[in-house]
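J.: Fold the following and give me the result.
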Amino acid sequence: MRGWTIVMLGALALAAARAAADDRGAGRGSDIAADERRAGADVDAAAQPRGTEAGAAQPGGSGVAAAHGEEPLGTIVVTATRTAQPLEETTTSITVVDQEEIAKQQAETVTEVLRNVPGVDVLQNGSLGTNTEIFIRGAEADETLVMIDGVEVNSVTLGAFDFGGLTTDNVERIEILRGAGGTLYGSQAVGGVVNVITREGRGRPGVSLLGAGGSGWTGRGQVASSGQVGRLRYSLAGAYLGTQGFRPQNDDYRNGTASLRLDYDVTEKATARFFFRYTDSEIGLFNNNNFLAQPDPNARQRDAFLLVKGEWQQEVIPDLELRLAASYTRDDQHFDDPPDPAETSLTTSHIPSAIVTGEVQANHYWRQIATTTAGVEVEERTADVRTATIDPAFELRSRFDEQRRNVAGYFQEQLRLLDGRVVGVGGVRVDGNQDFGTAVSPAGSVSAKVPGVPGTRLKAGYFESFKAPTFNELFFPGFGNPDLDAETSREYNVGVLGGWWAQRVVFEVTGFDRKTRNLIEGTVQEDGTFRAENRGEAHVRGVEVAPRVVVGSDPTVTIGASYTRLFRVDTPPLLRRPKHRGAVTVDLAGRDLGRPRTRYDVNLNLHVVGDRPDVDPAANFAFKENPAYTKVDLAGSYTFEGVLPGKGDLTVFAKIENLVDAEYDEALGFRAPPLNVLAGLRAAF
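T.: Numbering: from 1, shown residues only. Now for the predicted structure:
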């Protein structure tokens with residue numbers, strides 16, 4: 001690790017020397033490009049330029065600009081390379097979901113909008129708030145890295161992130177990297193990366209109020225404010241989401257979330273940032289006894305999640321940026337299941353866990369041709385797991401209190417040749433882990449315009465990634481194995497991206513092939529117990545298709561779709577992941593001809609999920625086919641502009657989930673919610 005750090009420092013010195021040798025004007029390019037770099041040079045600070053929008057689950061540029069017949073400004077993304085980059089020039093597969101698309105769907109949770117993203121499978125275990133996981137390109141749930149404002153939030157003990165409590169409050173955009181991202185982000189970015197970015201304050205300070213109610217005694221409220229005061233840009237929000245659920249008992253859920261983002265321009269070339277997010281939630285686990293084919297009347301889970309991050313970003317010399325960041329996350333989980341008629345045991349657990357991260361990253365820009373990124377990251381994870389099962393016939397207690405440190409260095413070079421007609425990215429990351437040793441993750445990818453076919457680019461890439469063993473796999477009493485190695489993967493991608501007629505027609509097709517080795521699985525021992533061992537292997541191929549068409553200007557009709565086909569090359573089949581899945585979105589937006597100071601939006605979402613193998617908890621977890629289902633959601637809004645004090649807007653909105661009242665289980669034994677309605681008002685001053 002020490003040798004790699006020396007290499008990184010040498011690369012930074014080389015970049016500094018190169019910058020000093022350049023002519024200042026020739027090296028910097030336009031002032032606009034420099035401003036873009038300052039605004040969006042890292043994965044959490046980047047904010048899309050005002051008016052730049054991207055439709056959900058679409059690979060093209062601004063859906064709003066295209067809808068009005070304007071030349072789109074072009075979406076800027078950061079998760080793919082840790083630097084600001086036009087979406088159309090990315091060499092990997094990335095999807096952007098912005099706050100406008102979140103509002104169109106009236107989505108309270110992040111998972112609602114992720115369902116439209118190609119290559120992403122969402123698995124919710126029952127009603128609102130229950131454990132929810134995602135699978136990207138067939139990878140396991142713990143092989144997807146999830147970040148909030150560039151901070152990792154995956155579970156320290158389980159590996160996978162539970163999306164059940166992640167709401168869209170104060171979220172500006174969600175970037176989904178489909179495909180391996182281990183070269184920049186390290187462990188768990190095997191299938192992809194999801195980065196949820198908090199809204200950046202802009203313009204005149206404003207306040208918004210939201211209130212809604214609906215089926216199952218569901219209620220939602222939010223108070224938010226954002227804007228700019230002098231050098232300070234801010235956004236903050238407090239929100240509540242609660243429901244009594246749709247089951248006879250113990251199906252309730254409540255979620256309180258507070259979030260804050262501050263951006264302060266200390267000087268023209270230096271910005272300090274602060275991020276805060278806190279969520280307190282509680283849920284009744286009606287399905288906790290589904291292995292006994294009985295409801296659970298009293299199992300409860302409480303979670304308290306905290307994220308704090310500070311960051312300093314500065315242009316130290318012309319064309320050389322330095323970013324320093326430190327973050328802390330804590331997840332405190334309590335589970336209680338008293339005895340009930342079907343289960344005589346008392347089961348409790350308390351699992352506080354934390355991740356502390358420090359990072360230094362440098363970006364050097366050379367003549368708008370080359371961008372060099374180098375960084376060092378130090379991370380420490382801790383968990384204190386206490387569980388107890390007390391029965392009239394026996395008593396079991398277990399505990400482990402562990403910590404693990406990881407030190408990593410990464411290096412990446414981006415080349416933009418022939419005025420962007422060819423873009424190449426290559427890099428490598430070296431992780432030194434306290435438990436399993438060293439992991440090296442190289443990657444290379446390229447994007448090139450197709451000669452003679454305007455608006456069309458070809459993409460190809462090779463990526464290696466790894467997943468470190470989780471704390472449960474290493475330390476859990478009776479199951480953990482401290483001798484585990486990391487899971488490793490290699491992936492190939494090939495694709496075509498096209499955008500024509502001012503992005504009114506966009507089309508993307510991507511094929512991928514990924515092989516993962518050293519999969520960690522529970523293996524039966526001679527004494528009948530299970531122990532984690534490196535035994536498995538998975539080889540997955542797939543195709544993703546994502547078209548979009550925009551018709552008209554007022555009203556505007558936007559039709560988007562996504563389709564994913566998974567091929568499991570080896571056996572057994574992928575659990576809970578269908579071979580076929582698709583989504584179609586139709587959005588109608590415009591102004592009421594009879595009321596010029598109004599606007600409306602109607603959004604229809606159709607999701608089709610094919611048959612998939614699963615395990616039946618009511619049949620001793622035997623393998624069983626989970627049948628295909630179709631889900632339809634409808635959302636709409638009507639806004640009266642300038643009718644409130646201070647020329648504020650008033651919006652009436654409503655949505656219907658599961659419009660056709662389909663009966664299905666995303667996971668066997670966990671019935672999805674029936675038809676339900678939510679309606680409310682939003683006031684913006």
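J.: Strands of the stretch 551-685 of the chain, residue ranges please.
T.: 556-568, 580-590, 598-609, 612-616, 622-626, 629-644, 648-657, 665-667, 670-671, 676-684 (DSSP state E, counting those that start in this stretch).
J.: The last one pairs with which strands, parallel or anti?
T.: So the one you mean is strand 676-684. strand 206-214 (antiparallel), strand 648-657 (antiparallel) (DSSP bridges).
J.: Buried residues, that strand. List them.
T.: Neighbour-count burial for strand 676-684 flags Asn676, Leu678, Gly680, Arg682, Ala683, Ala684 (criterion: 16 or more other Cβ atoms under 10 Å). Backbone N, C-alpha and C define where each C-beta goes, glycine included.
J.: Give me the angle between it and strand 629-644.
T.: Here strand 676-684 runs at an angle of 30 degrees relative to strand 629-644 (axes from the mean of the first three to the mean of the last three Cα atoms, to 10 degrees).
J.: how about strand 676-684 as CSV, C-alpha atoms only?
T.: The C-alpha trace of strand 676-684 is given here as CSV (Å, rounded to 0.1, in the frame of the first residue of the first chain):
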residue,chain,number,x,y,z
ASN,A,676,-53.9,2.4,-3.1
VAL,A,677,-54.4,6.1,-3.6
LEU,A,678,-52.5,9.2,-2.3
ALA,A,679,-53.5,12.8,-2.9
GLY,A,680,-52.5,16.2,-1.6
LEU,A,681,-51.4,19.8,-2.0
ARG,A,682,-48.0,21.4,-2.5
ALA,A,683,-47.4,25.1,-2.0
ALA,A,684,-44.2,26.9,-3.1
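J.: Could you give the separation of it from the chain centroid?
T.: From the chain centre to the centre of strand 676-684 is a distance of 25 Å (Cα atoms, centre = their mean, to the nearest Å).
J.: Show me the contact partners of it.
T.: With contact meaning Cβ atoms under 8 Å, 6 or more residues apart in numbering, strand 676-684 is reached by 106, 108, 206-216, 218, 220, 246, 644, 648-658.
J.: list the contacts for Val316?
T.: Leu322.
J.: Tell me the strands beside whatever helix or strand it lives in, with direction?
T.: Element membership for Val316, per DSSP states H and E: strand 300-317. Next to strand 300-317 in the sheet, as set by DSSP bridges, lie strand 270-284 (antiparallel), strand 320-337 (antiparallel).
J.: any idea which helix or strand comes after the last one?
T.: Beyond strand 320-337 on the C-terminal side, the first helix or strand identified by DSSP H and E is strand 346-366.
J.: That next one - what's its average pLDDT?
T.: In this model, strand 346-366 has an average pLDDT of 96.
J.: And stretch 610-618, by the same measure?
T.: 92.
J.: which residues does Gly610 contact?
T.: So Gly610 contacts Pro578, Lys579, His580, Arg581, Ala628 (Cβ under 8 Å, 6+ apart).
J.: what's the most distant pair in those residues?
T.: Lys579 and Ala628 (10.3 Å; Cβ to Cβ).
J.: joint contacts of those two?
T.: Gly610, Asp611.
J.: which one of those two has more residues nearby?
T.: Lys579 (17 against 14; other Cβ atoms under 10 Å).
J.: which residues touch the residue nearest to that one when sequence neighbours are not counted?
T.: Leaving out its chain neighbours, the residue that sits closest to Lys579 by Cβ to Cβ, 6 or more residues apart in numbering is Leu566, at 5.3 Å. By Cβ under 8 Å, 6+ apart, the contact list for Leu566 reads Arg137, Gly138, Val540, Arg541, Gly542, Leu574, Arg577, Pro578, Lys579, His580.
J.: Return a selection command, for use in PyMOL, containing the buried ones of these.
T.: Entered in PyMOL, the line below selects the buried ones among the contacts of Leu566, by 16+ other Cβ under 10 Å:
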select buried, resi 137+138+540+541+542+574+577+578+579
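J.: got TSV for the contacts of Leu566, with pLDDT and distance to Thr470 too?
T.: Formatted as TSV, the contacts of Leu566 follow (pLDDT from 0 to 100; distance: Cβ to Cβ, whole Å):
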residue	pLDDT	distance to Thr470
Arg137	94	21
Gly138	91	20
Val540	93	21
Arg541	94	27
Gly542	95	25
Leu574	85	20
Arg577	92	20
Pro578	93	26
Lys579	93	28
His580	94	30
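J.: how about the contacts of Leu566 in JSON lines, adding distance to Asp303?
T.: Converted to JSON lines, these look like this (distance: Cβ to Cβ, whole Å):
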{"residue": "Arg137", "distance to Asp303": "28"}
{"residue": "Gly138", "distance to Asp303": "28"}
{"residue": "Val540", "distance to Asp303": "32"}
{"residue": "Arg541", "distance to Asp303": "37"}
{"residue": "Gly542", "distance to Asp303": "33"}
{"residue": "Leu574", "distance to Asp303": "28"}
{"residue": "Arg577", "distance to Asp303": "26"}
{"residue": "Pro578", "distance to Asp303": "29"}
{"residue": "Lys579", "distance to Asp303": "34"}
{"residue": "His580", "distance to Asp303": "34"}
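J.: Closest one of the contacts of Leu566 to Leu417?
T.: Nearest to Leu417 among the contacts of Leu566, with distances taken as Cβ to Cβ, is Arg137, at 28.8 Å.
J.: isn't that closest one right next to Leu177, touching?
T.: No. Assessed by Cβ atoms under 8 Å, Arg137 is found out of contact with Leu177, at 10.6 Å.
J.: returning to that earlier point: report the beta-bridge partners for the residue nearest to Lys579.
T.: Under the criterion used (DSSP bridges), Leu566 bridges to Gly542.
J.: swap in Thr585?
T.: Beta-bridge pairing of Thr585 under DSSP bridges involves Gly560, Asn605.
J.: Sweet, I'm off.
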